[in-house]
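Peer 1: Next come a sequence and a model predicted from it.
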Amino acid sequence: MSVAKVLEITASSTVGTDDAVKQGIAKAAETVHGITGAWVKDTQVVIENNAITEWRVNLKITFVLE
């Protein structure tokens, strides 16, 4: 039997949403082991002078407890 837990985080990038997701998962993986999946719950952008300057994603990361 295995038990999983879900962790919710927010990550950002100046490159794009894909990069924000990759950075968020990489950062979480530094301290959380057994990550099995992630769900992009929500995306946002920061706009300055009519241009997108930052992409943000809210992630739900699933990992199996040891």
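Peer 2: Yep, that arrived.

Peer 1: Now do the helices in the protein.
Peer 2: Along the chain, the stretches classed as helices by DSSP state H are 17-29.

Peer 1: so where's the protein uncertain?
Peer 2: Within the chain, the set of residues satisfying pLDDT under 70 is empty.

Peer 1: ok, the residue nearest to Trp39 when sequence neighbours are not counted to Glu48 distance?
Peer 2: Among residues not flanking Trp39 along the chain, Lys60 sits closest, at 4.5 Å (Cβ to Cβ, 6 or more residues apart in numbering). C-beta here means a position set from N, CA and C on the backbone, and glycine is covered the same way. Look at Lys60 and Glu48: by Cβ to Cβ, to the nearest Å, they are 28 Å apart.

Peer 1: likewise Ser13?
Peer 2: Using Cβ to Cβ, Ser13 is found at 15 Å from Glu48.
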